[in-house]
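Colleague: Okay, sequence plus prediction incoming.
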Amino acid sequence: MTSHPAPRGLYFEEFHTGQRIVTAARTVTEADIVRFAGLSGDYNQIHTDAEFSKTTPFGQRIAHGLLVLSIASGLAVQTGFMEGTVIAFREINNWKFSKPVFIGDTVHVELEVTETKPLPRLRGGAVIIKLNVVNQHGDTVMHGTWTVLMASKQS
């Protein structure tokens, strides 16, 4: 018989408006950019060509916005608040890429629950979370909201 570890994530009923979670930080490397370009097929010169990038307003290569969004998702998951209790990642809303992320920048994520909506037919509910992805200088580099479907304790 296969046994599964007990969920360590939060159940829908354990979320409340104003609740805050801050993730660990992670440095974006050149290897991250190269691997993401290969995975996604996005070899845009702004990400992969150091000489070309010197001619852009940024003056150097920048990380793919979707790479940093993916890193933010991973950092959020690593906090454990969704482990074993998430039903599905449902929406990304009002997402803005505010500032570039350069090779060597270190980012973390600040999450805040802004709303909860029970969804009894799914045996859980929707949790709306505002995210700010912040670099080592305290600048928000991207922000928006996510809707995550979370299981109920009663499911």
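Modeller: Happy to help now that I have it.
Colleague: and Pro118, helix, strand or coil?
Modeller: Following DSSP: H, G, I helix; E, B strand; the rest coil, Pro118 is assigned to strand.
Colleague: can you count the residues close to it?
Modeller: Neighbour count of Pro118, defined by other C-beta atoms under 10 Å: 12. To be clear about C-beta, it is placed using only N, CA and C from the backbone, and glycine gets the same treatment.
Colleague: wait, what's in contact with it?
Modeller: By C-beta atoms under 8 Å, 6 or more residues apart in numbering, Pro118 lies in contact with 12, 125, 152.
Colleague: Could you list every helix and strand in contact with the lengthiest helix in the chain?
Modeller: In the chain, assigned by DSSP state H, the helix with the most residues is helix 65-78. With contacts defined as 3 or more C-beta pairs under 8 Å, 6 or more residues apart in numbering; DSSP states H and E, the secondary structure elements packing on helix 65-78 are strand 26-27, helix 30-40, strand 86-97, strand 106-119, strand 124-135, strand 140-151.
Colleague: Neighbour-wise, which one of the contacts of Pro118 leads?
Modeller: Neighbour counts for the contacts of Pro118, by other C-beta under 10 Å, peak at Phe12, which reaches 25 neighbours.
Colleague: That one against Thr116, yeah?
Modeller: Yes - counting by C-beta atoms under 8 Å, Thr116 is a contact partner of Phe12 at 6.9 Å.
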